[in-house]
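# What would the 3D arrangement of this be:
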Amino acid sequence: MLKGLYFFEKRLLDITCSVAGLLLLCPLMIPIAILIRLEDGGPIFYKGERVGRNGNLFKMFKFRSMVVNADKLGPSSTSAEDPRITRIGHFLRKYKLDELPQLLNVLRGDMSIVGPRPEVKYFTDMYTEDEMIILSVKPGITDWASIWNCDEGSILAGSRDPDRAYFELIRPTKLALQMKYVKERSFWVDLKIILLTLLAVIKPEAKIIREIRHCKLPV
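Now for the predicted structure:
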C-alpha cells in the first residue's frame with residue numbers, strides 16, 4: 001500500500017524536474033520552434049488528445065513533427081517511413097526532441113516524469129479489466145516500456161498496416177511492462193527509471209539497457 005509520502009515525493013520530483021528541464025533546454029527548444037515554423041508555416045506544437053489518470057482526457061504537447069492535420073490523413077501508429085513526417089520532424093523523432101514540450105504537461109499535473117506512456121482513446125477502449133490498472137496512475141514521459149522500446153517508428157517501418165503491426169509487435173509487451181510499473185511503483189523505482197532512461201540516451205549499448213530491451217528488467 002503506497003503512503004501519502006510517495007505521492008508528495010513524486011509530485012515534488014515532477015515539479016523539480018520539469019522546471020529544471022524547461023530552463024536548461026530553453027536554448028534548444030527555441031531554435032526547434034523556429035525551424036518548425038519556417039518549414040511550412042504551420043503551428044509549432046501538436047496538441048494530441050490523450051487519456052490520462054482515471055480515464056480523463058487531456059491535451060498532450062509535442063513539437064509538431066508531421067504535416068498539419070496528419071491525424072486525419074493516416075493511421076494512429078506512425079512508422080519511421082511515414083510520408084506525413086516533415087523534414088525537421090525526422091530529426092526531432094530520431095532524437096526524441098519532439099517529446100520535450102511534455103515537460104509542460106508534467107508541470108501542469110496532467111502527466112508525471114515516470115509513468116505509462118499516454119495513449120489515444122482508440123487504444124485504451126480496448127483495455128481488458130486487468131489492463132485498466134494502467135489508468136489508475138498519471139501517464140508519464142518514460143517507464144520500463146519506454147526504455148524497452150525506444151524506437152517504435154523503426155519497428156513499424158515497412159509495414160503496410162502500422163496499426164496492425166503495433167498490435168502484434170509492440171502492444172502486448174508494452175502493456176505488460178506498464179502493468180509491472182503500476183504494481184511495483186515506488187519513489188526509488190521512479191528514480192531508477194529516470195537514471196536508466198538517461199543512460200539509454202547517453203549510452204544505449206550499455207549492458208543493462210540491452211538486457212531491458214530483451215525484457216530482463218532489474219529488480
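# Show me the strands in this protein, by range?
45-51, 57-63, 112-114, 140-142 (DSSP state E).
# Just confirm residue 21 contacts residue 103, I think it does.
Yes. Using Cβ atoms under 8 Å, residue 21 is in contact with residue 103, at 4.8 Å. C-beta here means a position set from N, CA and C on the backbone, and glycine is covered the same way.
# So for the two, which sits in the more crowded spot?
Neighbours around residue 21 and residue 103, counted as other Cβ atoms under 10 Å, are more numerous at residue 103. The numbers are 23 against 19.
# Touching, the more buried one and residue 24? I think so.
No. Using Cβ under 8 Å as the test, residue 103 is too far from residue 24 to be in contact (10.2 Å).
# do you know which of the strands of the chain lies nearest residue 131?
When the strands of the chain are compared by Cβ to Cβ, strand 45-51 sits nearest residue 131, at 12.2 Å.
# How about residues contacting that closest one?
If you take Cβ atoms under 8 Å, 6 or more residues apart in numbering as the criterion, strand 45-51 is touched by 57-66, 71, 98, 101, 118-121, 124, 135, 139.
# again, 7 Å this time
Strand 45-51 is contacted from outside by 57-64, 101, 118-121, 124, 135, 139, using Cβ atoms under 7 Å, 6 or more residues apart in numbering.
# quick one: buried residues of that strand?
By neighbour count on 16 or more other Cβ atoms under 10 Å, the buried set for strand 45-51 is 45, 46, 50, 51.
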